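Undergrad: prediction below, plus the sequence it came from.
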Amino acid sequence: MNLKSLIKAVFEPTISEDRPAPEKDEDGKPLDREEAGTWCETGYSATDEEAHRDVSYSIKSPLHQTLEVFMVQMKLFSKMKWTYILLFTALLIPIIALAAPDFIELMSTFGYGGDYSTTRIAGLLFFLPLMLGLMTSIMCGTQMPSEFKERTAYMNIPLPMSRASFFFGKYLAGFVMCLGIFMFAYSMAIATALKDYDTIFPDLVSSSMILTMVGVLAYSATAYCIGCFTKKGSSIFPFALMSFIIPLIIVIVCSQTDNYSLTLLPMFLGEAALGILGGTMSGSAGMVVLSSMDLTATWLMVAIGIAWTAAFLALGYFRTLRREMRCRN
């Protein structure tokens, strides 16, 4: 057997004797035949609409992309242990008030009681200014750095998705999550206060809640913007900056100049929210200026907080647009 015959015998399959050879036409070409049991025998036919022959596919709108990023980030929050820890912290308000009556008496000695339900609500939200910085730093301060640290940003941003949708979708999720926790804390404090009081003052409570909403907006934007400029992300630095460093500097400046106009900045929105309810002190560095704040300038505080938020979001977005997208090991 020569080499050509050996190669042909090894590499070319042989036709089994019990399997009929394929039918061929006059020119020796195999005939096309339909296998039994295929879809051709069913007689099924689809219209253009059913077969999607006339369907044109396009990229979703920026709003739809933003909502998709928002929903994905909310699902990630639902798997974070910090989400449930912070929710449990808000749930501690009625638990402590009901299980520790001595705590209520202690609050009354500091003016968080008496004849008004709003002062009781302010006492139950004593650590509101401090928690503003802590919660927003945890939820928003590490979002963007985590995306680049875990390399998920290198899979998301190259998709047909604008960086604006990616940026604002993640921020919106962090803001909504923080806002939901604080509104839950307000509801717990109001429900607990109504156990001992028949009525509340809706105008004062609503003003306090509006200031808290703007505070969450400004604090979360600050933490999110700082995270855009860091590689690893930190929930400590934004918290320390907004809750201690800047308030202490402003307190020193105000005490030296006897001008408390700087207390209109967003770092004191938590103190203002408690002050409107009748609070005289709070668990934060800015409580020393609480008695000197102009609590009648509520809408000016709101306007400054919104402007602060817009400025920091614009700065963070500019950094995200210029961020290098090369994946480095």
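TA: That came through, no problem. Please read these numbers as outputs of a predicted model, since none were measured by experiment.
Undergrad: where do the helices sit along the stretch 51-200 of the chain?
TA: All helices of the stretch 51-200 of the chain, identified by DSSP state H, counting those that start in this stretch, fall at 62-78, 81-99, 101-109, 117-124, 128-140, 143-149, 153-156, 163-193.
Undergrad: redo these as JSON lines? Include mean pLDDT and mean neighbour count.
TA: Quick note: C-beta positions are derived from backbone N, CA and C, even for glycine. Shown next, in JSON lines, are the helices of the stretch 51-200 of the chain (pLDDT from 0 to 100; neighbours: other CB atoms under 10 Å):
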{"stretch": "helix 62-78", "mean pLDDT": "88", "mean neighbour count": "15"}
{"stretch": "helix 81-99", "mean pLDDT": "84", "mean neighbour count": "15"}
{"stretch": "helix 101-109", "mean pLDDT": "67", "mean neighbour count": "12"}
{"stretch": "helix 117-124", "mean pLDDT": "85", "mean neighbour count": "26"}
{"stretch": "helix 128-140", "mean pLDDT": "90", "mean neighbour count": "26"}
{"stretch": "helix 143-149", "mean pLDDT": "78", "mean neighbour count": "20"}
{"stretch": "helix 153-156", "mean pLDDT": "64", "mean neighbour count": "15"}
{"stretch": "helix 163-193", "mean pLDDT": "91", "mean neighbour count": "21"}
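Undergrad: out of those, nearest to Ala285?
TA: Among these, helix 128-140 comes nearest to Ala285, with 8.4 Å by CB to CB.
Undergrad: how far off helix 117-124 does the closest one point, in degrees?
TA: Here the directions of helix 128-140 and helix 117-124 differ by 50 degrees (axes from the mean of the first three to the mean of the last three CA atoms, to 10 degrees).
Undergrad: identify the residues contacting helix 128-140?
TA: By CB atoms under 8 Å, 6 or more residues apart in numbering, the surrounding residues in contact with helix 128-140 are 77, 82, 86, 89, 171, 174-175, 177-178, 181-182, 185, 212, 215-216, 219-224, 227, 235-239, 242-243, 268-271, 273-274, 282-284, 286-287.
Undergrad: of those, buried ones?
TA: Neighbour-count burial (16 or more other CB atoms under 10 Å) applied to the contacts of helix 128-140 gives 77, 86, 89, 171, 174-175, 177-178, 181-182, 185, 212, 215-216, 219-224, 227, 235, 237-239, 242-243, 268-271, 273-274, 282, 284, 286-287.
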